[in-house]
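**Student:** Provide a 3D model corresponding to the input given below.
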Amino acid sequence: MKSEQEQELVVALSRISGVTVRRCDTDLNTVFIAGDDGDLPEFNKLPADSGECIRAITGQGDFLVAGIFNASAVAGYLVAGPVTTHSWSLARVIISAIGASDQPLALIEDHVKVANLDVDLAKRDSDNDAQIVKAYRYQNQIMDAITRGDRDGVKHALTGILGEKERFLSRIPNRRLRSTKNILFVANTAFRIAAERGNISPVVLDRISSHYSQAIEQLFSLKSEEQLVLEMATQYCDVVAARRNNQYSVKVNRALQFIYRHYREPLNLTGIAQIAESSPGYLSRRFKQETGETIFEFINRYRIRMSRVYLRYQPKSMMDVAFGVGFNDVTYFNRVFKRYVGMTPVAYMRSSEPTVNG
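**Tutor:** Numbering: from 1, shown residues only. As a prediction, the model looks like this:
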């Protein structure tokens, strides 16, 4: 294989795998690299023929080494890594790419580096290893679903992981509420990171995260923790989905973003139109066409949605709730709330299983 062909192969392998790939000489000095440069592990063995691939497992991930042979002599090596997933599959691709596809792949483990731990890994308590693996699989499914904006995937994975909650709640004996809050804080952070991977603005994510941090800390009983974690996960998921499926025009989108940030304040059509860089009449018509609601119908519905969160997780006086979401009259707040929710705020607060998302 010529030098130009080897470089093209290195670049192609790096692009299809998303992994750093390098062409090395017989002393493992880098000749050409595609990807991020970094230190290679010290290999105890190297491939003896073209069908072999050596896999070194390190704390960074797996490193794969395949030989480039000229007749019976080694001319150099291809090194790929660190690989964090599916290294076996990449090994097959590499062996095939260097022209050894007629030979069975011999994937040989070189060495495994184990971290020095001060944690007793032999202590099992009542944990079941299979259950732990299952719970972590659901956790990864939730993260992936949020990043994709897949609400159904989020609900499916949450159903699975909530079945394991008793094991987590027992970690702080006799303090189930504190354990629940700790888990919810971790979940809020994990969901935020997953949504950030879906290219959501850090400003938007910070406001969502802060909102739920307050809701978690003010949680006063265990009867609604499942509803809260579902609401958090679906809210982050919906933000990602909305960004990917946004069908609103620029002016309507500006108006919506302004309403989301300032719904607690007095709002009027003229001020919103200025922010949207539109005339009031044009914005009003486009907003109704694109959302199906007038601007003030949308504002009222959004304020009521926010009030439901306060009533559910952050108990306050009815006046504080009404004023806190932008209403300046409690009677009017009660009337609008019943129109959208089908019950009074007091009845909603006392109900055992209100529907939070709507």
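**Student:** Just give the number of residues close to Lys134.
**Tutor:** Each residue near Lys134 was counted by other CB atoms under 10 Å, and the total is 15. The way it works is simple: take the backbone N, C-alpha and C, and place the C-beta from them, glycine included.
**Student:** Let me know whether it touches Gly160 as I believe.
**Tutor:** Yes. Applying CB atoms under 8 Å, one finds Lys134 in contact with Gly160, separated by 7.4 Å.
**Student:** What is the burial count for Leu162?
**Tutor:** The number of residues near Leu162, taken as other CB under 10 Å, comes to 14.
**Student:** ok, it - contacts?
**Tutor:** When contacts are counted by CB atoms under 8 Å, 6 or more residues apart in numbering, Leu162 touches 226, 229.
**Student:** before we move on, what about Tyr260?
**Tutor:** With CB under 8 Å, 6+ apart as the criterion, the residues that contact Tyr260 are Tyr302.
**Student:** can I assume Pro266 sits in a strand?
**Tutor:** No. Assigned with DSSP: H, G, I helix; E, B strand; the rest coil, Pro266 falls outside any strand and is coil.
**Student:** which residues does it contact?
**Tutor:** For Pro266, the residues meeting the contact criterion (CB under 8 Å, 6+ apart) are 326, 328.
**Student:** Just name the shakiest helix or strand of this structure by mean pLDDT.
**Tutor:** helix 165-169 (a mean of 58; mean pLDDT, DSSP states H and E).
**Student:** Correct me if wrong, but Tyr348 is in a helix.
**Tutor:** Yes. With three-state DSSP as the criterion, Tyr348 is located in a helix.
**Student:** isn't it right up against Arg308?
**Tutor:** Yes. Under the criterion of CB under 8 Å, Tyr348 is in contact with Arg308, at a separation of 6.8 Å.
**Student:** who's more crowded, those two?
**Tutor:** For Tyr348 versus Arg308, neighbours defined as other CB under 10 Å are more numerous around Arg308 (24 against 18).
**Student:** Quick check: what element follows the helix or strand encompassing that one along the chain?
**Tutor:** Taking DSSP states H and E as the definition, one finds Arg308 inside helix 295-313. With elements assigned by DSSP H and E, the helix or strand that comes after helix 295-313 is helix 318-324.
**Student:** Centre of the chain to that following helix, how far?
**Tutor:** A distance of 33 Å separates the centroid of the chain from that of helix 318-324, by CA atoms, centre = their mean, to the nearest Å.
**Student:** Could you give me the buried positions within it?
**Tutor:** By 16 or more other CB atoms under 10 Å, the buried positions in helix 318-324 come out as 318, 321-324.
**Student:** Closest to Thr84 out of these?
**Tutor:** Looking at those and their distance to Thr84, the nearest is Gly324, at 45.1 Å (CB to CB).
**Student:** Is it correct that the closest one is in contact with Leu311?
**Tutor:** No. The criterion here is CB under 8 Å, and Gly324 misses it with Leu311 at 10.6 Å.
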